[in-house]
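Visitor: I would like to see how this sequence folds:
(chains A and B)
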Amino acid sequence: DTEVTQTPKHLVMGMTNKKSLKCEQHMGHRAMYWYKQKAKKPPELMFVYSYEKLSINESVPSRFSPECPNSSLLNLHLHALQPEDSALYLCASSQDAAGLSNQPQHFGDGTRLSIL
Amino acid sequence: RKEVEQDPGPFNVPEGATVAFNCTYSNSASQSFFWYRQDCRKEPKLLMSVYSSGNEDGRFTAQLNRASQYISLLIRDSKLSDSATYLCVVKPGSARQLTFGSGTQLTVLP
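Guide: As a prediction, the model looks like this:
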């Protein structure tokens, strides 16, 4: 029943593969986020898009490449990932411009990524 | 010192019990406060925002104490379905992103 939808739900890929994670929201939110979450840890912020522009990159390795084609969509392109990149990848959105908003973030149900 | 600290638990309580979680934050300029719950292998879901005057939503009550820099969540009449990890989330200040506590694990036992 989440209003932020992510695909695929599960992804298994080798270290040489290229794949993309997709996120979509139709709540009219102008800020979108990618998080990485390891087991029994809180989500860690990776990227923030505000009004379709990348506003924050939390020193994420270049093997992760975000893209925001329009205000409703957010992609995360993956290439040459490492086994330690296996995690749950969460997309979130919030109403106003990221950083200025006091609005909560709403999360998608995540993509569980396993790197072989 | 971590920006947001929570007791990781686990808290194991019988059905019907009242349980309270506390969370402390280090940045006195923090502006917004939330409680999220996260079920095993699921995404975090907003449980409630925390307002200065305190707020209640059914069996859940959230309080904010700015002087002591902590927020609390009280769950009354615990249900089995309340079993989850509860994440304290703070917006440390203007133009800062949300900061998550490490979560408190709750198990409600039959």
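Visitor: quick one: contacts for residue 26?
Guide: Answering for chain A, as no chain was given. The contact partners of A:H26, by CB atoms under 8 Å, 6 or more residues apart in numbering or on different chains, come to A:E3, A:S72. The C-beta positions use only the backbone N, C-alpha and C, and glycine is treated the same way.
Visitor: try again with chain B
Guide: B:R1, B:K2, B:E3, B:V4, B:Q69.
Visitor: What of A:T111?
Guide: A:T111 touches A:Q6, A:T7, A:P8, A:K9, A:H10, A:L11, A:L21, A:L88, A:Y89, counting by CB under 8 Å, 6+ apart.
Visitor: Run a quick neighbour tally on the spatially closest residue to the fifth one that is not a sequence neighbour.
Guide: Okay, so that is A:H10. Using CB to CB, 6 or more residues apart in numbering or on different chains and skipping residues adjacent in sequence, the residue nearest A:H10 is A:R112, 4.9 Å away. A:R112 has 16 neighbouring residues, counting by other CB atoms under 10 Å in any protein chain shown.
Visitor: Who does A:R112 form a beta bridge with?
Guide: Under DSSP bridges, the beta-bridge partners of A:R112 are A:H10, A:L88.
Visitor: per-residue confidence at it?
Guide: With respect to pLDDT, A:R112 scores 97.
Visitor: swap in B:L98?
Guide: On pLDDT, B:L98 comes in at 87.
Visitor: just A:G99 next, same as before
Guide: pLDDT, A:G99: 61.
Visitor: Most widely separated two among the contacts of A:T111?
Guide: A:T7 and A:L88 (14.1 Å; CB to CB).
Visitor: Kindly provide the distance from the residue nearest to A:H10 to B:Q105.
Guide: Distance of A:R112 to B:Q105, computed by CB to CB, to the nearest Å: 20 Å.
Visitor: mind listing what the closest residue to A:E84 other than its chain neighbours touches?
Guide: Nearest non-adjacent residue to A:E84, counting by CB to CB, 6+ apart: A:I115, 7.9 Å away. By CB under 8 Å, 6+ apart, A:I115 lies in contact with A:M13, A:G14, A:M15, A:L81, A:Q82, A:P83, A:E84, A:D85, A:S86.
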